[in-house]
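Engineer: got a predicted model here, sequence first, then my questions.
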Amino acid sequence: MDSWIYEVECVNMVYKKGKIKANDDISFLIQRGEILGVLGPNGAGKSTLIKQLVGHLKPTEGQVLYNGLDVYKQTRVVASEVSYYAQEPHALSALTAMEALVFTGQLRGMQKKSAEREAAELLERFEMTELRNKSLKRLSGGQKRMVGIGTALIGHSPVLILDEPTNELDPTKRRLVWDLIQEHNRNGATVILVTHNVLEAEHVVDRVAVINHGKLLAIDSVVNLKQRVDQRLKFEIQTAFGQREEVEKELAEWGILQRSGENRICLLVDKAQAGNVLDRIISRRDLKIEEYAVLPPSLEDVYFHIDQAAKEVMGA
Ligand SMILES: Nc1ncnc2c1ncn2[C@@H]1O[C@H](COP(=O)(O)OP(=O)(O)OP(=O)(O)O)[C@@H](O)[C@H]1O
């Protein structure tokens, strides 16, 4: 079997009523079994792209192949193998939480009994068992989203496509959703997800695609993308109230200082100097530093770097 599950070939998308290209000549491959994160600012074209992966939108030009088949011509195959969690509220709002899950499981070919068993397990993991008979209309925004996630997970489809799965969720639920995504991936699912939660996604995704203004700016592993950005270490320092300037004076010689709040500083330091900065922080006990952390470049830094570099090219 081919190691590529999706082939996106020169995809362009112009909405009928829009004048802008929502997707502009995008080509890439998605590896079977990977978790691919799609990042980009609001309006970048991420949802448009993934709607084309599930066959909900036909590219204006180009094509999307799923296991070698044109997605738009083989909607039945794609619908039976690809679970899609959309940003918009789903069409099941007249049902109860349990009914929505069981119904979706049955649509995926599950026997009623096993759909009921899996739905009950999911609701238990979501800590929503007591809400099982409540209509989706009467659930909170976050609870509705969890049921939506459940409908994507039930039946263990080989491909999960999730548009902002952790949006609107509290920190515990966000962690649970990331855990579930990883669990499904370990069991063989290929996962493609759009997220603005870059810091959390960093620990989960294998590769990242960065999109802005409809263009694919980069696609690579997190490690490789990090090589592209500033390799300096970042000291994040919180000073006692009113002590920021004193600390700034003491550390300025070691790197580039950025003020990130009234009592917060960020110091960018060459790796070779990091030991000196640490020595200074530890030995100068009179410096009123309440907390500090030393951080390598994060995926968020990568994201800003790629976006900024693209703006400079476009502006040039
Ligand atoms: N149905 C539509 N008709 C016309 N224009 C649209 C339609 N849907 C999206 N657009 C436009 O296409 C562009 C890309 O939108 P898209 O929803 O793909 O962005 P996104 O990256 O998913 O954004 P967000 O992070 O805000 O969800 C935007 O400029 C948007 O206004």
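Structural biologist: Now that the structure is in, tell me what you want to look at.
Engineer: please count neighbours and contacts with C-alpha atoms only from this point.
Structural biologist: Will do.
Engineer: flag the shaky bits of the stretch 1-150 of the chain, pLDDT-wise.
Structural biologist: Scanning the stretch 1-150 of the chain for pLDDT under 70 picks out the ranges 1-2, 18, 88-90.
Engineer: next, the contact list for the residue positioned nearest the centre of the chain, please.
Structural biologist: Centroid-nearest residue in the chain: Thr195, 2.9 Å away (criterion: CA atoms, centre = their mean). Counting by CA atoms under 8 Å, 6 or more residues apart in numbering, Thr195 touches 37-39, 163-167, 201.
Engineer: same check, this time on Asp70
Structural biologist: Asp70 neighbours (CA under 8 Å, 6+ apart): 63-64.
Engineer: relative to Val78, how far out is it?
Structural biologist: 10 Å (CA to CA, to the nearest Å).
Engineer: likewise Tyr66?
Structural biologist: Taking CA to CA, one finds Tyr66 at 7 Å from Val78.
Engineer: repeat for Glu130
Structural biologist: 34 Å.
Engineer: so these two - more neighbours on which side?
Structural biologist: Between Glu130 and Val78, counted using other CA atoms under 10 Å, the more crowded position is Val78 (20 against 9).
Engineer: how many residues are close by Phe126?
Structural biologist: Neighbours of Phe126 (other CA under 10 Å): 17.
Engineer: right, and it touches Lys173 too?
Structural biologist: Yes. The pair Phe126 / Lys173 is scored as a contact, 7.5 Å apart, by CA atoms under 8 Å.
Engineer: help me confirm that Pro59 is found in a helix?
Structural biologist: No. Counting by DSSP: H, G, I helix; E, B strand; the rest coil, Pro59 is not part of a helix but coil.
Engineer: which strand or helix spans the nearest residue to it once chain neighbours are set aside?
Structural biologist: In space, and not counting its chain neighbours, Pro59 is closest to Met13: 5.2 Å by CA to CA, 6 or more residues apart in numbering. Here Met13 sits within strand 4-14, counting by DSSP states H and E.
Engineer: for the nearest residue to Thr104 once chain neighbours are set aside, give its distance to Ala119.
Structural biologist: Closest residue to Thr104 apart from its sequence neighbours, by CA to CA, 6+ apart: Thr151 at 6.0 Å. With the distance defined as CA to CA, Thr151 ends up 9 Å from Ala119.
Engineer: spit out the residues that contact these two alike.
Structural biologist: With CA under 8 Å, 6+ apart, Thr151 and Ala119 have common neighbours Leu101.
Engineer: neighbour count: those two, which is higher?
Structural biologist: Ala119 (29 against 23).
Engineer: tally of neighbours for Ala209?
Structural biologist: 21.
Engineer: give me the nearest residue to it, chain neighbours excluded.
Structural biologist: Here the residue nearest Ala209, using CA to CA, 6+ apart, is Ile219, at 4.2 Å.
Engineer: what's near enough to touch the one you found?
Structural biologist: 28, 207-210.
Engineer: now it: which helix or strand?
Structural biologist: strand 215-221.
Engineer: in the very next helix or strand once past that strand, what counts as buried?
Structural biologist: On the C-terminal side of strand 215-221, the nearest following helix or strand under DSSP H and E is helix 222-227. For helix 222-227, the neighbour count (16 or more other CA atoms under 10 Å) marks 222, 225-226 as buried.
Engineer: list the contacts of Ile281.
Structural biologist: 287, 289.
Engineer: could you chop the chain up by domain?
Structural biologist: 4-227, 233-296 (the TED database).
Engineer: among the ones you listed, which is nearest Tyr303?
Structural biologist: Nearest to Tyr303, of all the domains of the chain, is domain 4-227, at 7.2 Å by CA to CA.
Engineer: what's the end-to-end length of that closest one?
Structural biologist: Span of domain 4-227 from end to end, CA to CA: 25 Å.
Engineer: and the residue in the stretch 151-300 of the chain that the ligand sits nearest to, how far from Gly255?
Structural biologist: Nearest residue of the stretch 151-300 of the chain to the ligand (CA to the nearest ligand atom) works out as Gly214 at 6.9 Å. According to CA to CA, Gly214 and Gly255 sit 36 Å apart.
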